[in-house]
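Visitor: 3D, please:
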Amino acid sequence: MYQITDWCRHFISLQVKPGDCCIDATMGNGHDTVLLCRCAGGTGRVLAFDIQPQALKNTKKRLSEAGVPDNCRLILDSHSHMEQYADAGTISCITFNLGYLPGGDHSLSTRADTTLSAVRQGLTLLQKDGLMVLCIYSGGDTGFEEREALLPFLKALDPQKYLVILSTYYNRPNHPPMPVLIRRLSGL
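Guide: Okay, the predicted model is just below:
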């Protein structure tokens, strides 16, 4: 079965070039962090955020095993503070994989308020033609709330400044994940 993360990683791979600065806003077990490090190369830089020490431990191990360039800073902090770590207009790609840490405590998950704050900040951090990728999961204790807060916000983004592409797994049952791509337009 083709996973949302595979679909999103395809676009991340097309976006990130050697020397780019990127953010993994929800590092989790480090899969996107590894991809960003690999694509940005030795001259690039990756900032990866999570609030759980277990996520940093898991990601550090994954980075070591993957043999990627040493171009990553693992940050034990909320993605809602990312503007404290990067300057406006400098980031090529920002990834969000919302929900809870796979294999971790399901009572700890991303929340609508902090995710909205992080997405707002991320939009200002993106460089022209920068890309933000969101994997939105519904369900659980906060998934529906998070989705219902994000979708109206994304729909209201100025179409002269941002291109928002929302996709869906139309033929999957229950509440399939929702991939979203946001491109900061170069005409800004």
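
Visitor: export stretch 68-79 as CSV, just CAs?
Guide: Provided in CSV are the C-alpha atoms of stretch 68-79 (Å, rounded to 0.1, in the frame of the first residue of the first chain):
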residue,chain,number,x,y,z
VAL,A,68,24.2,10.8,6.2
PRO,A,69,26.2,14.1,6.4
ASP,A,70,26.6,15.6,9.9
ASN,A,71,24.5,18.6,9.0
CYS,A,72,21.6,18.2,11.5
ARG,A,73,20.7,19.9,14.8
LEU,A,74,18.3,17.9,16.9
ILE,A,75,16.2,20.3,19.0
LEU,A,76,14.2,19.2,22.0
ASP,A,77,11.6,21.9,21.7
SER,A,78,8.1,22.5,20.2
HIS,A,79,7.8,23.2,16.5
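
Visitor: Start the count at 57 instead of 1 going forward.
Guide: Let's use 57 as the start, then, which means that last one is stretch 124-135.

Visitor: Would you mark the buried spots in that stretch?
Guide: Buried residues in stretch 124-135, counted by 16 or more other C-beta atoms under 10 Å: 124-125, 127-128, 130-131, 134-135. C-beta here means a position set from N, CA and C on the backbone, and glycine is covered the same way.

Visitor: what's the answer for stretch 102-109, then?
Guide: 102-108.

Visitor: Give me the contacts around that stretch.
Guide: Identification of contacts with stretch 102-109 by C-beta atoms under 8 Å, 6 or more residues apart in numbering yields 77-84, 86, 89, 92-93, 96, 112, 115, 127-135, 137-138, 141-142, 157, 160-161, 164.

Visitor: mind listing which of the residues you listed are in strands?
Guide: 77-80, 128-132 (DSSP state E).

Visitor: is it fair to say Arg239 lies in a strand?
Guide: Yes - assessed by DSSP: H, G, I helix; E, B strand; the rest coil, Arg239 belongs to a strand.

Visitor: thought it was touching Gly186?
Guide: Yes - between Arg239 and Gly186 a contact is recorded at 7.4 Å, counting by C-beta atoms under 8 Å.

Visitor: The two: which is more packed in?
Guide: A count of neighbours by other C-beta atoms under 10 Å puts Gly186 above the other of Arg239 and Gly186, at 24 against 18.

Visitor: which SS class is the more buried one?
Guide: strand.
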